[in-house]
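> Give me a 3D structure for the following:
(2 chains)
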Amino acid sequence: EPEVTQTPSHQVTQMGQEVILRCVPISNHLYFYWYRQILGQKVEFLVSFYNNEISEKSEIFDDQFSVERPDGSNFTLKIRSTKLEDSAMYFCASRTGVFSGNTIYFGEGSWLTVV
Amino acid sequence: KNEVEQSPQNLTAQEGEFITINCSYSVGISALHWLQQHPGGGIVSLFMLSSGKKKHGRLIATINIQEKHSSLHITASHPRDSAVYICAVRWGSYNTDKLIFGTGTRLQVFP
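Numbers count the residues shown, from 1 in each chain, chains lettered A, B, ... in the order given. Next comes the predicted model:
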């Protein structure tokens, strides 16, 4: 079974520090996503990425956030200056195509704790 | 407002019981996903539906597009089915493929 892998599984960082969360999507997938889940809340969409550019982003995804696919395999989420409210589980996801017939695969998540 | 609602929020069952979790949504969709979130936090996709019914092992998912409603059924439930089950939809507009998530149903199955 192919899988999306994420690192780190858990990171604790001081407020104001930069954080990079890494994801390796499934190799033949073309569409990539970051979602987050604050403890006790619903999973929320952050950003979608296709053809080396952002295709959609939510209001949460402000100037502090950025994504890139630097080497054709990794897909990273950077938070430039973390805030306490960025503490959440961050999920990377990928799919082969955007059509409704294509299943989405999620990684195991990266727990980010900002102190 | 585009909403996804699930019921019940919490569900306990004895091993062997038949389980039903419901999901309703407010506007037209192109696909509905049933996902399982296990205690460690990871999310696994169980089903993706745009119409009808799908079955995988002891899991059955149905969707009624006219009623804007989907159900996930677990037959002969087992303690290893204990998890949070989440419904997520992709709206019918073609300029978005993001998923909108429900709040989840926490299922505990006791031996």
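> Quick check, A:Lys83 in contact with A:Val114.
Yes - between A:Lys83 and A:Val114 a contact is recorded at 6.5 Å, counting by Cβ atoms under 8 Å. Glycine gets a C-beta too; all of them are placed from N, C-alpha and C.
> Chain A against chain B: which residues are in contact?
Contact residues (Cβ under 8 Å from any Cβ of the partner chain) of chain A with chain B: A:31, A:33, A:35, A:37, A:42-45, A:48, A:55-56, A:58, A:89, A:91, A:98, A:100-101, A:103-109, A:111.
> Could you check how far the residue positioned nearest the centre of chain A is from A:Ser94?
By Cα atoms, centre = their mean, the mean C-alpha position of chain A lies nearest to A:Trp34, the distance being 3.0 Å. A:Trp34 sits 11 Å away from A:Ser94, going by Cβ to Cβ, to the nearest Å.
> Overlap of the contact sets of the two?
Common neighbours of A:Trp34 and A:Ser94, using Cβ atoms under 8 Å, 6 or more residues apart in numbering or on different chains, are A:Cys23.
> Could you list every helix and strand that the one helix or strand B:Ala61 maps to packs against?
If you go by DSSP states H and E, B:Ala61 is part of strand B:59-64. With contacts taken as 3 or more Cβ pairs under 8 Å, 6 or more residues apart in numbering or on different chains; DSSP states H and E, strand B:59-64 sits against strand B:43-49, strand B:52-56, strand B:69-74.
> change it to 6 Å
Other helices and strands packing on strand B:59-64, by 3 or more Cβ pairs under 6 Å, 6 or more residues apart in numbering or on different chains; DSSP states H and E, are strand B:43-49, strand B:69-74.
> Specify the beta-bridge partners of B:Ile63.
Judged by DSSP bridges, the bridge partners of B:Ile63 are B:Gly52, B:Ser70.
> Equivalent analysis for B:Tyr25, please.
Residues in a beta bridge with B:Tyr25, per DSSP bridges, are B:Val4.
> Same check on A:Ser66?
Under the criterion used (DSSP bridges), A:Ser66 bridges to A:Lys78.
> tell me the contacts of residue 4?
Picked chain A for this. A:25, A:92, A:94, A:105, A:107 (Cβ atoms under 6 Å, 6 or more residues apart in numbering or on different chains).
> meant chain B actually
Applying Cβ under 6 Å, 6+ apart, we find B:Val4 in contact with B:25, B:87, B:89, B:100, B:102.
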